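Enquirer: Mind looking at a prediction? Sequence and model below.
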2 protein chains.
Amino acid sequence: MEELAKEALARDQADPLARTRELFVLDADTVYLDGNSLGALPRAVEGHLADVVSREWGRLRIRSWTESGWWEMPQRVGELVAPLVGAAPGQVVVGDSTSVNVFKAVVGAVRIAREGDARRDELLVDEATFPTDGYITGSAARLTGCTVRPVAADAVPDAVGPRTAAVLLNHVDYRTGVLNDLPALTAAVHAAGALAVWDLCHSAGALPVGLDAHGVDFALGCTYKFLNGGPGSPAYLYVRAAHQERFETPLPGWNSHADPFAMAPAYEPAAGAARGRVGTPDILSMAALEAALGVWDGVRIEDVRAKSLALTDFFLRCVAAYRKEDGAVRVRSLTPAEPARRGSQVALLCDPAERAEQVMRELIARGVVGDFRRPGVLRFGFTPLYTAFQDVERAARVLGDVIGGPR
Amino acid sequence: MEELAKEALARDQADPLARTRELFVLDADTVYLDGNSLGALPRAVEGHLADVVSREWGRLRIRSWTESGWWEMPQRVGELVAPLVGAAPGQVVVGDSTSVNVFKAVVGAVRIAREGDARRDELLVDEATFPTDGYITGSAARLTGCTVRPVAADAVPDAVGPRTAAVLLNHVDYRTGVLNDLPALTAAVHAAGALAVWDLCHSAGALPVGLDAHGVDFALGCTYKFLNGGPGSPAYLYVRAAHQERFETPLPGWNSHADPFAMAPAYEPAAGAARGRVGTPDILSMAALEAALGVWDGVRIEDVRAKSLALTDFFLRCVAAYRKEDGAVRVRSLTPAEPARRGSQVALLCDPAERAEQVMRELIARGVVGDFRRPGVLRFGFTPLYTAFQDVERAARVLGDVIGGPR
C-alpha cells in the first residue's frame, strides 16, 4: 500500500490546482469530503463580511443600498456564477433558496409551454430527485392544474410527449453521484415540445454544465456545496435569454418590478435576469458568497473536472486496495465507474446497510468527514479546489480500517 | 427655541430606554431616522457573526448543522420574535423574504377559507399596501382562481363579505405612518367568515401587536427595520396555532417535511411552526438577526410604544416650531396626530412635491438621515431603542433650516 501513498504525493506535486487549496481554511487533522453538502470556508470571506457588517451596515447604513452596491448584488453575484454554468451574461440571478427557485422555474416553464399548446398539463420529474424538487413540483402542479409523473432520468426520452409541459431533472444525483446526460436529455425534451428545467446543486462548480450550449430552458442550484458560499447561502436561477420576455414568475415581489421605487400599485416585470428576483435580498449571506466566488479567478472548469475524475478514480482504487475481503462491513460503489456518468462524489453502499451510520460516525471520529444517507449510503464529495490526492488515500485507508474489523 | 433643546435634554435624562442606545453602533455626527427602513447595527452582531463564520462554518463545517444548532435556527429565532408580536411559543418561524411569506400566508389562508366554503373566491387587499403585498396577492389569486379587490383599510368592514376568502392588511402604512386598527379590522374580517393576514413590517418592534390576543390568522413581517436584523435579514411567518394542522403551504420545501432526512419521495408536512419553512435557511443572515434580537432582553414593548409616541409627538412640535411661514418648501404631516392612529414614523408631504428629493439629499448631507418616497414624501422613522429626544430636536432644526430658505 506504500505505492498508493507515494502515488498520492506525486500527483499532488504535479497538480495544477494545488495552489487553490491555500485559499481555504482547512486543518491538517481533517480530511473534509463533505464539500458536496457544505463547502469549506474560503479565507476571503471573513474579512469581507466583517467589512460589510461594520462599515457598510454599521456606518453607512441605508446609504449602502446605493453606495455599497447592495441593490444590484443579486445580478452582480449572478454574473460570477454564470461562467461556471456556461451562461452568457444577463441570465443568472442570485437569491432565495433552491426550493423557491424550483417553484419559479417550474411554474414559469409551465406557463411558457402552455403558450405554445394549452393542453400541456403534465410534469415529469426525475424519480430519484432530491426530494424538495419533487415536493415543490407537486405544489406547482396543483396550482397550475397539472399532474406530476416521476420517471427515471434515462426513461425521459420515452416518457416525454405532447402532453408534457416541463421536465425537471437533477444534473448529478445527490445520493448516487450519477451524472445525467444533460445535452441528450434536454434535446429529447425539446423534441417533444416541452421545456427542460435542470437542478445543478451537485454539479455546478464540479464540472462543466454548458447551459447556453445545450439549450437548457431554466436551471437553478444552491451555492453552498461546490461553490462554497456558506451555510444556506442564496441559490441562483437561470432563465434562458430567449425566454426572459415570456417568463411570468409566480413570485412577483417588488424587487422584480421594472421600477421598484415607483411603488406602483400595478405590477410590471423588469427585463432580464432581474425578473427572477423577489423580495429584499439577504445581503450578508450574499456578501459571503460574493467573496467566496473569488476563488474561481483564473480557474478553468475543465481543469476542475479533470481533477475531479482523477480524485474519484483514485478513491475507488484506494478503497478497493484497502478493503478486506472478510471485513465486518462490505462496501460497493453506487457511483458509475464510467467517467461520463460520474459526478464529483462517490457513494458507497454498505452491507449490512444498518451499519452505515455507525461507520460514518467512526470515520468522522477519526478525522474523515463524509456523510450518511439512508439507507446504508456513505457519501464522499471531492472538491477539486481543496481536496488533495493524499487526502483521498488517507480517507480510503481509514475507511479500510473502520470496515475491516471482525464481523 | 432654546426651550425645545432644553426639553430634549431633560427628557433624555429621564428616559427609561436610554440605556439601550449603548447597544448600537451610532455616530455622533448623524441623526439616524431611517430605522424604519434599515435598523442600526447592534454591537453584538459583529463578534457573533465572526464566530459563526470562523468557528462554526470554518472549523466545524458540516457538523454545525447539529452541533451549532443551525438546523433548529428558524424556529429558535422565531421564538425570539414571538413575544414582540404577542405570539405564544410555537407559532413563528423565521426564513425567506417578506414577499415569499406573503405568498405562503395568502395561499394558506385561501385554502383554509375554502375548506369552510368553497365559493369564497375573492381577496381584499389594503389599497395603500406596500406594493409587494399587492403583487404577490395578485399571483396567489391567479394560482388559486381568486380575484383581488383593493380597498381602503377603513372600508374593509363594509367590503368584506360571503365571497371573501382572505384580507391582507398592513398594520402600519409604509408611506404615511398610519396605524390601522388591527383588533377591529380582524374582528370585522372574522364576522364575515374570512381570514385576516397582517403585514407587520412597519409595526413589529415599535408597538404592541397582540397577534394571539386579537385572533389574527396569519401574519408576517421583515426583521431589518425596527428589529435591526441587518440588510435583507430573513422575514418571519406567524400561523395561528388553531390553523397549523390545516395550513397547506404552497412552498413545501424539504425543510418543512415531517422527517426531512428520510428524503422520502412523498411529502408529509411537519407539525407546528416548522411547516412554514421551505429550503435550507440562510444561516449567516439569520445568525446576525439572532444576535440583534438580544437588544430586547428586559425591554417591555409597552415602554417602547410610550417612547415612540413621545418621540413622534415631540418631532411634530419641533417641526412646527422651526419651520418658517415663508420658506421655500412647506411641509405638512401625513401622519395622524391622534396617537391611536400613529405608527413610529412621521411622513411629511412637501409643497412643492418635486422639491422633496432634493430636501432629503440636503438633510442627509447635514447628517440627518431619513428617506424619500415619491411623490413628495419625507419619511422619518423613530426607533425608541436608540433615538434620543435630542436627535429629534436636531433633526427638526436642520429641517427648518433646509426648507426655510427663500423660494
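Expert: Yes, it's here.
Enquirer: how close does residue A:106 get to residue B:285?
Expert: For residue A:106, the distance to residue B:285 equals 26 Å [C-beta to C-beta, to the nearest Å]. Bear in mind the C-beta positions are built from the backbone N, C-alpha and C, glycine included.
Enquirer: what about the longest helix anywhere in chain A, distance to the chain center?
Expert: Criterion DSSP state H: the longest helix present in chain A is helix A:301-322. On the basis of C-alpha atoms, centre = their mean, to the nearest Å, helix A:301-322 sits 19 Å off its chain's mean C-alpha point.
Enquirer: swap in stretch A:269-288?
Expert: On C-alpha atoms, centre = their mean, the centre of stretch A:269-288 falls 19 Å from the chain's centre.
Enquirer: Mind checking the pLDDT average for that stretch?
Expert: Taken as a whole, stretch A:269-288 has a mean pLDDT of 98.
Enquirer: same question, stretch A:397-407
Expert: Throughout stretch A:397-407, pLDDT has a mean value of 84.
Enquirer: which of the residues in it are buried?
Expert: Buried residues in stretch A:397-407, counting neighbours by 16 or more other C-beta atoms under 10 Å in any protein chain shown, are found at A:397, A:398, A:399, A:400, A:402, A:403.
Enquirer: And the contacts of that stretch?
Expert: For stretch A:397-407, contacts defined as C-beta atoms under 8 Å, 6 or more residues apart in numbering or on different chains pick out A:1, A:31, A:318-319, A:321-324, A:326-331, A:350, A:359, A:362-363, A:366-368, A:378.
Enquirer: Just the C-alpha atoms of that stretch, please, in PDB.
Expert: Extracted as PDB, the C-alpha positions of stretch A:397-407 are listed here (Å, rounded to 0.1, in the frame of the first residue of the first chain):
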ATOM      1  CA  ARG A 397      -7.100   3.900   4.400                       C
ATOM      2  CA  VAL A 398      -9.100   4.900   7.400                       C
ATOM      3  CA  LEU A 399     -12.300   3.500   5.800                       C
ATOM      4  CA  GLY A 400     -10.500   0.200   5.300                       C
ATOM      5  CA  ASP A 401      -9.500   0.100   8.900                       C
ATOM      6  CA  VAL A 402     -13.100   1.000  10.100                       C
ATOM      7  CA  ILE A 403     -14.900  -1.500   8.000                       C
ATOM      8  CA  GLY A 404     -12.200  -4.200   8.200                       C
ATOM      9  CA  GLY A 405     -12.700  -5.300  11.700                       C
ATOM     10  CA  PRO A 406     -14.200  -8.700  12.600                       C
ATOM     11  CA  ARG A 407     -17.900  -9.300  11.800                       C
END
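Enquirer: Let's see which of the contacts of stretch A:397-407 end up in helices.
Expert: Checking those against DSSP H, those in helices are A:318, A:319, A:321, A:322, A:359, A:362, A:363.
Enquirer: What subset of those is buried?
Expert: Buried members of the ones in helices among the contacts of stretch A:397-407, counted by 16+ other C-beta under 10 Å: A:318, A:319, A:322, A:359, A:362, A:363.
Enquirer: Go through those residues and name the one nearest residue A:268.
Expert: The nearest member of those to residue A:268, counting by C-beta to C-beta, is residue A:363 at 54.3 Å.
Enquirer: Give me the three-state assignment for the nearest residue to that closest one once chain neighbours are set aside.
Expert: Excluding the flanking residues, the one nearest residue A:363 by C-beta to C-beta, 6 or more residues apart in numbering or on different chains is residue A:402, at 5.9 Å. Three-state call for residue A:402 (DSSP: H, G, I helix; E, B strand; the rest coil): helix.
Enquirer: gap between residue A:402 and chain B?
Expert: 18 Å (C-beta to the nearest C-beta, to the nearest Å).
Enquirer: returning to that earlier point: show me which of the ones in helices among the contacts of stretch A:397-407 is closest to residue B:266.
Expert: Nearest to residue B:266 among these: residue A:359, at 28.1 Å, using C-beta to C-beta.
Enquirer: Tell me the pLDDT of that closest one.
Expert: In this prediction, residue A:359 carries a pLDDT score of 96.
Enquirer: per-domain residue ranges of chain A.
Expert: Here the domain parsing of chain A from automatic domain parsing is A:2-17+A:299-403, A:49-296.
Enquirer: between those domains, which gets nearest to residue B:260?
Expert: domain A:49-296 (8.2 Å).
Enquirer: give me the low-pLDDT residue ranges for chain A?
Expert: In the predicted model of chain A, residues A:1, A:405-407 satisfy pLDDT under 70.
Enquirer: Give me the most central residue, it.
Expert: Among the residues of chain A, the one closest to the centroid is residue A:201, at 1.8 Å (C-alpha atoms, centre = their mean).
Enquirer: That residue and residue A:133 touch, don't they?
Expert: No. When contacts are counted by C-beta atoms under 8 Å, residue A:201 is not listed as touching residue A:133 (9.1 Å).
Enquirer: shared neighbours of the two, which are they?
Expert: Residues touching both residue A:201 and residue A:133 (C-beta under 8 Å, 6+ apart) are residue A:170.
Enquirer: Just list the residues touching residue A:150, thanks.
Expert: A:124, A:125, A:126, A:127, A:129, A:134, B:265.
Enquirer: Can you pull the residues of the stretch 151-300 of chain A lying near chain B?
Expert: With C-beta under 8 Å from any C-beta of the partner chain as the criterion, the stretch 151-300 of chain A meets chain B at residues A:175, A:222, A:224, A:230-235, A:249-255, A:257, A:261-265, A:267, A:278-286, A:288.
Enquirer: hmm, which of the residues you listed are the buried ones?
Expert: Buried members of these, counted by 16+ other C-beta under 10 Å: A:175, A:222, A:224, A:230-235, A:249-255, A:257, A:263-264, A:267, A:278-286, A:288.
Enquirer: for residue A:21, what are its contacts?
Expert: For residue A:21, the contact set (C-beta under 8 Å, 6+ apart) comprises A:385, A:386, A:388.
Enquirer: Of these, which is the most crowded?
Expert: Within the contacts of residue A:21, neighbour counts (other C-beta atoms under 10 Å in any protein chain shown) peak at residue A:385, which reaches 25 neighbours.
Enquirer: Pull the contacting residues for the one residue in the stretch 151-300 of chain A that gets nearest to chain B.
Expert: Of all residues in the stretch 151-300 of chain A, the one sitting closest to chain B is residue A:279 (2.8 Å; C-beta to the nearest C-beta). For residue A:279, the contact set (C-beta under 8 Å, 6+ apart) comprises A:253, A:254, A:255, B:96, B:97, B:98, B:99, B:100, B:132, B:235.
Enquirer: what about 10 Å?
Expert: By C-beta atoms under 10 Å, 6 or more residues apart in numbering or on different chains, residue A:279 lies in contact with A:95-96, A:251, A:253-256, B:96-103, B:132, B:136, B:222, B:232, B:235.
Enquirer: Now, the buried ones among the residues of the stretch 151-300 of chain A next to chain B that are in strands?
Expert: Cross-referencing these against strands under DSSP state E gives no overlap.
Enquirer: just checking, which of those residues belong to helices?
Expert: Using DSSP H, the members of those that fall in helices are A:283, A:284, A:285, A:286, A:288.
Enquirer: Just put those residues in a markdown table and tack on distance to residue A:59.
Expert: Shown next, in a markdown table, are these (distance: C-beta to C-beta, whole Å):
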| residue | distance to residue A:59 |
| --- | --- |
| A:283 | 15 |
| A:284 | 15 |
| A:285 | 20 |
| A:286 | 19 |
| A:288 | 19 |
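Enquirer: Off-centre distance for stretch A:289-309?
Expert: Here stretch A:289-309 shows a centroid-to-chain-centroid distance of 13 Å under the convention C-alpha atoms, centre = their mean.
Enquirer: which of the residues in that stretch are buried?
Expert: For stretch A:289-309, burial by neighbour count (16+ other C-beta under 10 Å) applies to A:289-293, A:295-296, A:299, A:301, A:304-309.
Enquirer: before we move on, what about stretch A:20-28?
Expert: Using 16+ other C-beta under 10 Å as the test for burial, stretch A:20-28 gives A:20, A:21, A:23, A:24, A:25, A:26.
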